[in-house]
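Trainee: test case, fold it:
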Amino acid sequence: MLKPKRGAGSPDLAVLEMRRSLAQRIRELAQKPGEHLTPIPGLSLYHRTSPTPCFRASYEPGLSIFVQGRKRILLGGTEYLCDSSSFLLSSIDVPAQSQIIEASEKTPLLSIFLRLDMPTVREVLSRDDIPEGPPSTHRQGLVVGETTVGLLGAAMRLLELLDTPEDIPFLSPLAHREILYRILRTPQASRLRAIATSG
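Mentor: Residues are numbered from 1 along each chain as shown. Next comes the predicted model:
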């Protein structure tokens with residue numbers, strides 16, 4: 001298989017292609033609108049086909065990866081916009097205002113939610129080969145970052161486990177660790193560290 005050449009714009013093309021693949025996979029697994037629980041512990045898929053008015057939502061510690069559509073979240077006077085290029089890291093159980101602002105039958109909002117397993121987060125952070133980043137100055141319970149090829153690829157590998165349920169007990173914790181590692185390679189790494197230290 002040919003690897004894309006490195007050059008101007010090639011990382012963007014790789015990310016776009018990975019988003020398309022992940023969106024297609026989510027649509028295959030979550031064919032009807034709504035929330036879809038999966039056999040993988042803590043993993044849910046979301047498929048929304050229309051905008052919504054603003055509604056109250058509670059965000060537990062977890063990671064949301066958006067690959068299609070747009071969502072707006074209001075917390076403590078701060079607005080967070082999530083679109084197909086975004087991931088949302090929620091650090092504590094926080095009540096917020098949420099609104100889907102872009103979704104349709106043809107182009108639904110598609111996202112993944114993975115509940116963070118705090119013992120696993122702390123275990124990953126305790127490794128000597130994980131570089132220390134600057135301390136977090138962000139005090140809100142939410143932070144938005146930009147998805148990378150590495151993060152999207154790790155999410156795809158997690159979803160692929162749904163094709164082989166017998167592999168889930170052994171391999172899903174490994175996929176969870178890879179996703180955490182990919183977050184630690186983003187500018188939002190300090191927020192993940194803050195989540196682990198604050199509990």
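
Trainee: centroid residue for the chain?
Mentor: For the chain, residue 65 is the residue whose C-alpha lies nearest the centre (CA atoms, centre = their mean; 2.7 Å).

Trainee: helix or strand: which one has residue 27?
Mentor: Assigned by DSSP states H and E, residue 27 belongs to helix 10-29.

Trainee: centre of the chain to that helix, how far?
Mentor: Relative to its chain's centre, helix 10-29 lies at 13 Å (CA atoms, centre = their mean, to the nearest Å).

Trainee: which positions in it come out as buried?
Mentor: 14-15, 18-19, 22-23, 25-26 (16 or more other CB atoms under 10 Å). C-beta coordinates here come from the backbone N, C-alpha and C atoms, glycine included.

Trainee: tell me which two of those residues sit farthest apart.
Mentor: The largest separation in these, counting by CB to CB, is between 14 and 26 at 18.8 Å.

Trainee: leaving out chain neighbours, which residue sits closest to residue 48?
Mentor: In space, and not counting its chain neighbours, residue 48 is closest to residue 109: 4.1 Å by CB to CB, 6 or more residues apart in numbering.

Trainee: again, but for residue 78
Mentor: residue 140 (5.9 Å).

Trainee: show the contacting residues for the one you found.
Mentor: Going by CB atoms under 8 Å, 6 or more residues apart in numbering, residue 140 touches 75-76, 78.

Trainee: repeat for residue 66
Mentor: 82-88, 109-111, 147 are the contacts of residue 66 under CB under 8 Å, 6+ apart.

Trainee: look up how far residue 113 lies from it.
Mentor: Distance, residue 66 to residue 113, using CB to CB, to the nearest Å: 10 Å.

Trainee: what do you get for residue 47?
Mentor: Between residue 47 and residue 113 the computed distance is 12 Å (CB to CB).

Trainee: and those two? which has more neighbours close in?
Mentor: residue 47 (21 against 18; other CB atoms under 10 Å).

Trainee: quick one: which of the contacts of residue 140 is nearest residue 157?
Mentor: residue 75 (30.8 Å).
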